[in-house]
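Undergrad: Here is a sequence with its predicted model. Questions after.
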Amino acid sequence: MTNVTTMADAVSDGVADGDQVYLAGFTHLIPFAAGHEMIRQGLRDLDLVRATPDLIYDQMIAAGCASKVTFSWAGNPGVGSLPAFRRAAEESVPTEIELEEYTHFGMIAALQAGASNLPFAPLRGFIGSDLPEHNENIARVESPFDDDYVYAVAPIEPDVTVVRAQRADESGNAHLWGIQGEQKIAALAADTVILTVEELCSEETIRSDPNRTLLTGDDVDYVVEDPYGSHPSYAQGYYGRDNEAYIEWAEIASDVDRVEAWLDEWVYDVDDRREYVEKLGASQLLELEPESDFATPVDMGRY
């Protein structure tokens, strides 16, 4: 059985206007290519959910894709704020957006509730915070056992989650190494899962290292082979983070006209990620090449 398709078809078939969409990945394996395809296809009125909205959500907001952002931190990591996000939140440019804010642990707990089919998840993290006053999905819960109390978060169950991994077989059994972040629970909480990978591999390769399998094919609806699909973030072992792109975005995004020109050049005027990578050029890609650093082999044994 194969779930392999193109990014254009996965987005066209799997994502609709008004959907709640989670683009997963923490520091690396951020699905930029999937976000660009959603921009290219003109999706609108999305509730963009992500623990750490960074450049990809700034770009999608600037393109008019979002009517809401559900998040726990937003910024350009190591650089500053997100200008397009701020314009939309403060000035409704290009569209008005609603904000639903959590702490990091609060959002992860909400995803865990969604992944576990629970009506809520309890946590102490909001005690002393004013976030419950601004988020109707955070509520105080009295203990049934004593006079203590905690807060509870409603489940987050995205219509679509996009996750990236280094490799997968055609069914969607995926190997991921490096920082895992919230990839697994964001996928398990969703109705539809789009998995994008740096490369397709054989089922035998996946079976050779079962502990590295983060997702299995029964959780995945679409598999897309999309090399460099995380640029300008990184994919552990495949390419490094393009720090200059993050710095440049802060300057570009400060001006609406420059943002529109960037979207024209890097999203609308390229057909897919292959053209994007060709536009980056070989010299840029070579600068992002990592040095090899192999893990010590493990004998899995066979009985």
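TA: Received the coordinates, thanks.
Undergrad: got a list of what Leu246 touches?
TA: In this structure residue 246 is Tyr, not Leu. With contact set as CB atoms under 8 Å, 6 or more residues apart in numbering, Tyr246 has these partners: Leu55, Asn76, Pro77, Gly78, Val79, Pro232. Where C-beta positions appear, they are placed from N, C-alpha and C, glycine not excepted.
Undergrad: what's the distance between the fourth one and Asp130?
TA: When you say that, I think you mean Gly78. 27 Å (CB to CB, to the nearest Å).
Undergrad: ok, now the fifth one?
TA: Noted for Val79: a distance of 27 Å to Asp130, by CB to CB.
Undergrad: Over to Asp272?
TA: For Asp272, the distance to Asp130 equals 44 Å [CB to CB].
Undergrad: returning to that earlier point: in a markdown table: the contacts of Tyr246, plus secondary structure, pLDDT and neighbour count.
TA: Converted to a markdown table, the contacts of Tyr246 look like this (DSSP: H, G, I helix; E, B strand; the rest coil; pLDDT from 0 to 100; neighbours: other CB atoms under 10 Å):
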| residue | secondary structure | pLDDT | neighbour count |
| --- | --- | --- | --- |
| Leu55 | helix | 96 | 23 |
| Asn76 | strand | 95 | 19 |
| Pro77 | coil | 91 | 14 |
| Gly78 | coil | 90 | 9 |
| Val79 | coil | 95 | 16 |
| Pro232 | coil | 97 | 22 |
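Undergrad: how about the helices in the stretch 51-200 of the chain?
TA: Using DSSP state H, counting those that start in this stretch, the helices found in the stretch 51-200 of the chain span residues 55-62, 83-91, 104-115, 183-188.
Undergrad: Would you tell me which one of the ones you listed is buried the most?
TA: The highest mean neighbour count among those, using mean count of other CB atoms under 10 Å, belongs to helix 55-62: a mean of 26.
Undergrad: Alpha carbons of it, as PDB, please.
TA: Output of helix 55-62 as PDB, limited to C-alpha atoms (Å, rounded to 0.1, in the frame of the first residue of the first chain):
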ATOM      1  CA  LEU A  55       8.500  32.600  10.000                       C
ATOM      2  CA  ILE A  56       6.200  30.100   8.200                       C
ATOM      3  CA  TYR A  57       3.100  31.400  10.100                       C
ATOM      4  CA  ASP A  58       4.300  35.000   9.600                       C
ATOM      5  CA  GLN A  59       4.400  34.300   5.900                       C
ATOM      6  CA  MET A  60       1.000  32.600   5.900                       C
ATOM      7  CA  ILE A  61      -0.600  35.400   7.900                       C
ATOM      8  CA  ALA A  62       0.900  38.000   5.500                       C
END
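Undergrad: which residues are in contact with that helix?
TA: 23, 30-32, 35-36, 38-39, 46, 48, 50, 66, 69, 71, 74, 76, 82-85, 87-88, 94, 97, 232, 245-246, 249, 253, 256, 259-260, 263, 267.
Undergrad: Among the residues you listed, which are located in strands?
TA: Those of the contacts of helix 55-62 mapping onto strands are Leu23, Leu46, Leu48, Arg50, Ala66, Val69, Phe71, per DSSP state E.
Undergrad: which two in those residues are spaced the farthest apart?
TA: Spanning the widest gap among the ones in strands among the contacts of helix 55-62 are Leu46 and Phe71, at 13.1 Å by CB to CB.
Undergrad: mind giving me the domain split of this structure?
TA: 7-102+157-287, 123-154 (automatic domain parsing).
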